[in-house]
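J.: Have a look at this prediction, sequence included:
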Amino acid sequence: MGVQILDIHQYFSHREGEEKIGEKIQWVSSSDKWKEDLKNSTAQFVILGIPEDIGVRANWGRAGAYSAFGAAMRSFLSMQNNCFLNAENILLLGAVDVDDLMRQAEKLNPKNKEELKELRHLVSVLDSRVEEVVLNVFESGKIPIVIGGGHNNSYPIIKSACKIFQQKINIINCDAHSDLRVMEGRHSGNAFRYAMEDGYINYYYILGMHEQYIAQNILEYIATKPVSFYTYEDIFIREKLSWNEAMRNVVNFLSDNGLPCGLELDLDAITNVPSSARTSSGISPIDARKYIYFCSNQLNCVYLHLAEGAPETAHLRADYKTGKLLAYLISDFIKGINEKHYATA
């Protein structure tokens, strides 16, 4: 098990007189050589997909998060390679190999207690596979950009970062939910609880959490832990502060100690974006892009994780706008870091 390599030429078309990102991006030559190619690559950023929705199923969510990575790559690789974004500084690693786990998960019914238990066991197996690949990315000195799958994948990403940096890290998560559900077995709703209890998180800040989608017992848990949040209602309904003010406050708070920071975005925070828990009342795509750019530009971000997007589900036809939004978010993250380095050079 390891990484599945993408045939990138299936994801974009050449156009005379133009140069697409897919024509200049670095990529891995074969599944057998991914570790060697990763180590030898001169790229600063590494794009990695996790085409699964096992963690979402194990949390009684809507399946479909497996489809986000492919949709994102169809749009991202078709973007222009130009002076605003240098594709030669990006390595497309491929996708974590999860096909066998997905086949097992698709046969399991989360409404059945024993089968739910098996789904959550599969998430633990998935954890180890994600950790192996992401750990190699960090060891190569590069910045992983992880696309797709449920928010369960935050746990192995955070764990890998802590192993490499040999310290706890900060987390900022733009999300309608806390993902701090009880430790009842691994799933997409408790990644940060597991990471907190296992000693990987220094401070966890949630931006835009919806008040009526957080259980009282989780609020009581938060009161005892290094966790803070701004609710969606305080920002957009009561207007106690603006979106820009909220972002600035969080960034100022997390930047005080200079620790590495994980940057998280759950696509269910964005209005009408297909996801495992699609919302009709969320932030706008512009708000999401500002969030990614501002945080990557101002914090010591060591990874980006874009989770829960589900452009293809059993109930929806493929939504190509989701892939395009993911492509914008990827480019905003890279630009935020590059422009920070340019400003301080």
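T.: Noted; the coordinates are in hand.
J.: Pull up the per-residue confidence for G94.
T.: On pLDDT, G94 comes in at 96.
J.: tell me the secondary structure for it?
T.: strand (DSSP: H, G, I helix; E, B strand; the rest coil).
J.: ok, it touching V28?
T.: Yes: the pair G94 and V28 qualifies as a contact (CB atoms under 8 Å) at a distance of 5.8 Å. Any C-beta I mention is one placed from the backbone N, CA and C, and that applies to glycine too.
J.: more neighbours, the two?
T.: Taking other CB atoms under 10 Å, G94 and V28 do not tie; G94 has more neighbours (25 against 22).
J.: any idea how far S31 is from the more buried one?
T.: Here the criterion is CB to CB, to the nearest Å. By it, G94 lies 8 Å from S31.
J.: shared neighbours, those two?
T.: Common neighbours of G94 and S31, counting by CB atoms under 8 Å, 6 or more residues apart in numbering, are V3, Q4, I5.
J.: Provide a list of residues in contact with the second one.
T.: Read it as Q4. Neighbours of Q4 in contact, by CB under 8 Å, 6+ apart: S31, G94, A95, V96, D97, D99.
J.: Please check those residues and keep the buried ones.
T.: G94, A95, V96 (16 or more other CB atoms under 10 Å).
J.: Where does V146 fall, secondary structure wise?
T.: Following DSSP states H and E, one finds V146 within strand 143-147.
J.: I'd like the distance from that strand to the chain centre, please.
T.: Computed by CA atoms, centre = their mean, to the nearest Å, the chain-centroid distance of strand 143-147 equals 7 Å.
J.: So what pairs up with W27 in the strands?
T.: Beta-bridge partners of W27, counted by DSSP bridges, are L92.
J.: where do the helices sit along the protein?
T.: Here the chain has its helices, by DSSP state H, at 21-24, 34-40, 54-57, 68-76, 99-105, 113-139, 154-165, 191-197, 216-222, 232, 243-255, 285-298, 320-344.
J.: which of those sits most buried?
T.: helix 54-57 (a mean of 31; mean count of other CB atoms under 10 Å).
J.: Show me what it packs onto, helices and strands only.
T.: Helix 54-57 sits against helix 99-105, helix 113-139, with contacts defined as 3 or more CB pairs under 8 Å, 6 or more residues apart in numbering; DSSP states H and E.
J.: For those helices, give me TSV that also has mean pLDDT and distance to I270.
T.: Below are those laid out as TSV (pLDDT from 0 to 100; distance: least, CB to CB, whole Å):
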stretch	mean pLDDT	distance to I270
helix 99-105	98	25
helix 113-139	98	24
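J.: mind putting those helices in TSV, distance to N297 included?
T.: Listed next are the helices and strands packed on helix 54-57 as TSV, based on distance: least, CB to CB, whole Å:
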stretch	distance to N297
helix 99-105	36
helix 113-139	21
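J.: Mind naming the longest strand for the protein?
T.: Across the chain, the strand with the greatest residue count (assigned by DSSP state E) is strand 201-209.
J.: List of residues touching the strand holding V146?
T.: Strand 143-147 is contacted by residues 44-50, 68-69, 72-73, 134, 137-138, 153, 157, 301-306, 309, 326, 330, 333-334, 337 when judged by CB under 8 Å, 6+ apart.
J.: next one: stretch 266-279
T.: Outside stretch 266-279, the residues that touch it by CB under 8 Å, 6+ apart are 53, 56, 59, 61-65, 68, 150-151, 173-177, 179, 188, 208, 210, 280-285, 287-288, 306-311, 313, 316, 319, 322, 325-326.
J.: again with stretch 243-251
T.: With CB under 8 Å, 6+ apart, stretch 243-251 has contacts from 172, 205, 207-208, 230, 235-236, 241, 283, 287, 290-291, 294-295, 298-299.
J.: out of these, who's nearest Y221?
T.: Checking these against Y221 with CB to CB, the nearest one is Y205 at 15.3 Å.
J.: I'd say that closest one and C174 touch.
T.: No: using CB under 8 Å, Y205 makes no contact with C174, being 9.7 Å away.
J.: more crowded one of these two?
T.: Neighbour comparison, Y205 and C174: the larger count goes to C174, with 26 against 21 (by other CB under 10 Å).
J.: what's E52 in contact with, if anything?
T.: Each residue near E52 by CB under 8 Å, 6+ apart is listed here: A65, Y66, V96, V98, L101, M102, A105, L126, G148, G149, G150.
J.: again, 6 Å this time
T.: Contacts for E52 (CB atoms under 6 Å, 6 or more residues apart in numbering) come out as Y66, V98, M102, G149.
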